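> Please work out how this folds:
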Amino acid sequence: MIELFYFIELALLLSVAMDVVFGELPTRIHPVVIMGSIIGFFKNIFIKIRNRISGLLLVLFTSLVITILLYILYYIITFNELLLFIVFSILLSSTFSVNMLLKTAVDVKEDLDESIEKARKSVSYLVSRDTGELTESFIVSAVIESLTENITDSFIAPIFYYSIFGIIIMIHPFDNQIFYLLLIPVLYRMFNTLDAMVGYQTDELKDIGFVPAKIDDVLNYIPSRISGIYVVISAYLLKLDGKNSFKIMMRDARECPSPNSGFTMATTAGALNIQLIKKDTYVLGDANKEIDKDDITKAVNLSKMTIILFTLTVLILLTLVNVIL
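Got it, this is the predicted structure:
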């Protein structure tokens, strides 16, 4: 039990450290890129079926192939415990993306310091809206929306599922438990990638994307609300407006088309006393102050604190479970 506990905690710590220090794996070997290729292969096959069964088949076949490939790799590396630990940690780090999440927002702010045209171009890679005519305030809003919306699926959710399953196998160990401990966050990332690739209400994708989008909504339902609470706590710790953060979360979180994304966006808007606006879609928060590019820095710090607090909570929870057992 002690060895399993240390494996779970140290792998989490190492994977987070690797992501923070080194960022993403090279594109050619990145598991999410490989997932994308597998998804694309099956999408081209099943999209010919013009009903929602196509999305179910896409999910089933993609899940099966990824599970088989992961098990083959797991089987190969189990002959050496150190190799297993290192590869496990590397693969776990690929299921979240702290470095890229924070760096992207900082980069847009730096571009905005240089010129609004450069910032418009860089923010166009983050959001689906037309950025060609965005003013500075709308650019800042778009950056903060993208940053805070992705706190959940870029970190909180995969670690949430990792920790929950880690506790389960600490209480009830079973065969190949380390494999399943990795498979759970990998499958979460797969569903998130599926949603990102096909979960759109276009004529081409509305059928095949229906099931992946609904699964992603279900998987993010609890983590998004946990994320919102941690943003509120982080706002208090950073001496931002924690009270307003909670108020705006309760009032505006459900104003977004997504059932989950508003819980981190609305809390951030409340904490910074700004409005986050996507034209013709939603308005989150109150314009108690004019939004400006310094709010990007505040949002980045708020996101960092949220990630740190949640990680500490997970580590403490795993430790308590181990002590009790």
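
> gap between stretch 260-276 and the chain center?
Distance of stretch 260-276 from the chain centroid (C-alpha atoms, centre = their mean, to the nearest Å) equals 17 Å.

> Report the contact partners of E9.
315, 318-319 (C-beta atoms under 8 Å, 6 or more residues apart in numbering). (Glycine included, C-beta is placed from N, CA and C.)

> M250 and V20, how far apart?
Distance, M250 to V20, using C-beta to C-beta, to the nearest Å: 32 Å.

> Pull the residues that contact the helix or strand of the chain with the lowest mean pLDDT.
Lowest on mean pLDDT, DSSP states H and E among the helices and strands of the chain sits helix 116-123, with a mean of 87. With C-beta under 8 Å, 6+ apart as the test, helix 116-123 has contacts from 107-108, 111-112, 131-132, 134-136, 139, 142-143, 146.

> So A11 is in contact with L92, correct?
Yes. Under the criterion of C-beta atoms under 8 Å, A11 makes contact with L92 at 6.0 Å.

> Please, which helix or strand holds L112?
helix 98-114 (DSSP states H and E).

> Report the mean confidence score over that helix.
On average, the pLDDT along helix 98-114 is 92.

> What is the burial count for the residue nearest to M197 when sequence neighbours are not counted?
Spatially, and ignoring its direct neighbours in sequence, M197 is nearest to I39 (5.5 Å; C-beta to C-beta, 6 or more residues apart in numbering). Applying other C-beta atoms under 10 Å, we find 23 other residues in the vicinity of I39.

> Distance of I39 relative to P212?
Applying C-beta to C-beta to I39 and P212 gives a distance of 9 Å.

> Find the residues that touch each one of these two.
58, 194, 198.

> can you list those residues in CSV and add distance to D286 and pLDDT?
Compiled in CSV, the shared contacts of I39 and P212 are given as follows (distance: C-beta to C-beta, whole Å; pLDDT from 0 to 100):
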residue, distance to D286, pLDDT
L58, 42, 97
L194, 36, 96
V198, 36, 93
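
> quick one: which of these sit in helices?
Applying DSSP state H to those, the entries found in helices are 58, 194, 198.

> who touches the second one in this structure?
If I follow you right, that is L194. Counting by C-beta under 8 Å, 6+ apart, L194 touches 39, 58-59, 62, 212, 215-216.

> quick check, nearest of those to L101?
L101 has its nearest neighbour among the contacts of L194 in D216, at 17.4 Å by C-beta to C-beta.

> tell me which element the closest one falls in.
helix 210-237.

> Can you give me the pLDDT of S54?
So, for S54, pLDDT stands at 96.

> likewise K278?
89.

> Next: I233.
Model confidence at I233, given as pLDDT, is 98.

> Report the spatially nearest residue to it, omitting neighbours in sequence.
L309 (6.3 Å).

> so how far is L134 from that neighbour?
With distances taken as C-beta to C-beta, L309 is found 32 Å from L134.

> who has more neighbours, those two?
When neighbours are counted by other C-beta under 10 Å, L309 and L134 differ, and L134 comes out ahead with 20 against 16.

> I figured the more buried one hits V127, correct?
No. Assessed by C-beta under 8 Å, L134 is found out of contact with V127, at 9.4 Å.

> shared neighbours of the two, which are they?
Counting by C-beta under 8 Å, 6+ apart, the shared contacts of L134 and V127 are A142.

> Need the contacts of L194 in CSV (columns: distance to M190).
CSV is the format used below for the contacts of L194 (distance: C-beta to C-beta, whole Å):
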residue, distance to M190
I39, 8
L58, 11
V59, 9
T62, 6
P212, 9
I215, 10
D216, 10
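
> three-state assignment of S137?
What DSSP: H, G, I helix; E, B strand; the rest coil gives for S137 is helix.

> quick one: contacts for it?
S137 makes contact with 290-292, according to C-beta under 8 Å, 6+ apart.

> What separation is there between the residue lying closest to C256 once chain neighbours are set aside and I47?
Nearest non-adjacent residue to C256, counting by C-beta to C-beta, 6+ apart: G262, 3.9 Å away. Applying C-beta to C-beta, the value for G262 to I47 is 30 Å.

> neighbour-wise, which of the two wins?
Set G262 next to I47 and count neighbours by other C-beta under 10 Å: G262 wins out with 26 against 17.

> The more buried one: what's it in contact with?
Residues counted as contacts of G262 (C-beta under 8 Å, 6+ apart) are 249, 252-256, 282, 284.

> where do the strands sit along this protein?
Ranges of strands in the chain, per DSSP state E, are 276-278, 282-284.

> count of residues packed around G242?
When neighbours are counted by other C-beta under 10 Å, G242 registers 19.

> so it sits right up against Y236, yeah?
Yes. Applying C-beta under 8 Å, one finds G242 in contact with Y236, separated by 3.5 Å.

> Name the spans of the stretch 101-250 of the chain whose pLDDT lies under the cut-off.
Within the stretch 101-250 of the chain, not a single segment meets pLDDT under 70.
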